[in-house]
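Peer 1: Just the structure for this:
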Amino acid sequence: MMVTTTLRQRLSDLFRADRAPAGYRPGVTLAHLRRNLGLATLEVDGVAFEIIERTESQLLMHLVLTEFVLRLPAATEGSASYEVHHSGAIRRNSIRVRCRSGNPALGRELQAQLLADTTLFQALMPLDFKRLRIDLHDRQWCVRLEHMGGSEVVNRLPAFRRYIALSPPQRTHLLQTLKGLQRLLSSF
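Peer 2: Numbers count the residues shown, from 1 in each chain. As a prediction, this is how the structure comes out:
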């Protein structure tokens, strides 16, 4: 009985979510991404954003992912959370907003505005993002965009490390999307 408990505890310690993966180098992926973006500051045309690094552990490997975070004042009160996705089974054909919590009518209005804003829609359609989440809390919007580029894959067996760069077109679409979301959410 004691051996089983000890083994269970060791396995639990090994796969703890709050523990940094072996080989993780905090800030290295962010440095690669900052050089890749080619920006002196994290601001484009008056839109200030931040980049947050997080890890995702897999068996014998981990990913270092980056999220672009945009915080804006909101005219709307309440609390809500929305996820933005491309729609279409084989090819991207539109943008969908899914209400995770809060006011579904606000989510429908957000989707209608995303589709009506031609510049933002044209930036979002080719953008290769993994997650795009828009949260409303305490009269503040928080946009979290996780792009597929700007990340690092670290494998332990065989040992390798690879930074996945943002291509120049993806960089342009990403920055246009951040500007467009800032413009769009300022009206909510």
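Peer 1: Okay, helices next: where are they in the protein?
Peer 2: 2-14, 28-37, 104-116, 118-124, 168-185 (DSSP state H).
Peer 1: and the last one, what does it pack onto?
Peer 2: Under the contact criterion of 3 or more C-beta pairs under 8 Å, 6 or more residues apart in numbering; DSSP states H and E, the helices and strands touching helix 168-185 comprise strand 43-44, strand 47-48, strand 61-73, helix 104-116, helix 118-124, strand 140-147. For the C-beta atoms, the positions are set from N, CA and C on the backbone; glycine is no exception.
Peer 1: Put the alpha carbons of the fourth one into PDB.
Peer 2: So the one you mean is helix 104-116. Taking C-alpha atoms only, helix 104-116 is exported to PDB below (Å, rounded to 0.1, in the frame of the first residue of the first chain):
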ATOM      1  CA  PRO A 104     -25.400  35.900 -26.100                       C
ATOM      2  CA  ALA A 105     -27.000  39.000 -27.800                       C
ATOM      3  CA  LEU A 106     -23.700  40.900 -27.300                       C
ATOM      4  CA  GLY A 107     -21.900  37.900 -29.000                       C
ATOM      5  CA  ARG A 108     -24.300  38.100 -32.000                       C
ATOM      6  CA  GLU A 109     -23.700  41.900 -32.200                       C
ATOM      7  CA  LEU A 110     -19.900  41.300 -32.000                       C
ATOM      8  CA  GLN A 111     -20.100  38.700 -34.800                       C
ATOM      9  CA  ALA A 112     -22.200  41.100 -37.000                       C
ATOM     10  CA  GLN A 113     -19.700  43.900 -36.500                       C
ATOM     11  CA  LEU A 114     -16.700  41.500 -37.300                       C
ATOM     12  CA  LEU A 115     -18.400  40.600 -40.500                       C
ATOM     13  CA  ALA A 116     -19.300  44.200 -41.400                       C
END
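Peer 1: ok, the closest residue in space to Ala165 that isn't next to it in sequence to Arg100 distance?
Peer 2: Closest residue in space to Ala165, ignoring its immediate chain neighbours: Asn36 at 5.1 Å, by C-beta to C-beta, 6 or more residues apart in numbering. Note on Asn36: its distance to Arg100, by C-beta to C-beta, to the nearest Å, is 30 Å.
Peer 1: Could you check which of those two is surrounded by more residues?
Peer 2: Using other C-beta atoms under 10 Å, the more surrounded residue of Asn36 and Arg100 is Asn36, with 18 against 12.
Peer 1: which residues touch the more buried one?
Peer 2: Shown in contact with Asn36 (C-beta atoms under 8 Å, 6 or more residues apart in numbering): Gly149, Gly150, Ala165, Leu166, Arg171.
Peer 1: One more: Ser167?
Peer 2: Counting by C-beta under 8 Å, 6+ apart, Ser167 has contacts Gly149.
Peer 1: top of the contacts of Asn36 by neighbour count?
Peer 2: Top of the contacts of Asn36 by neighbour count (other C-beta under 10 Å): Gly150, with 27 neighbours.
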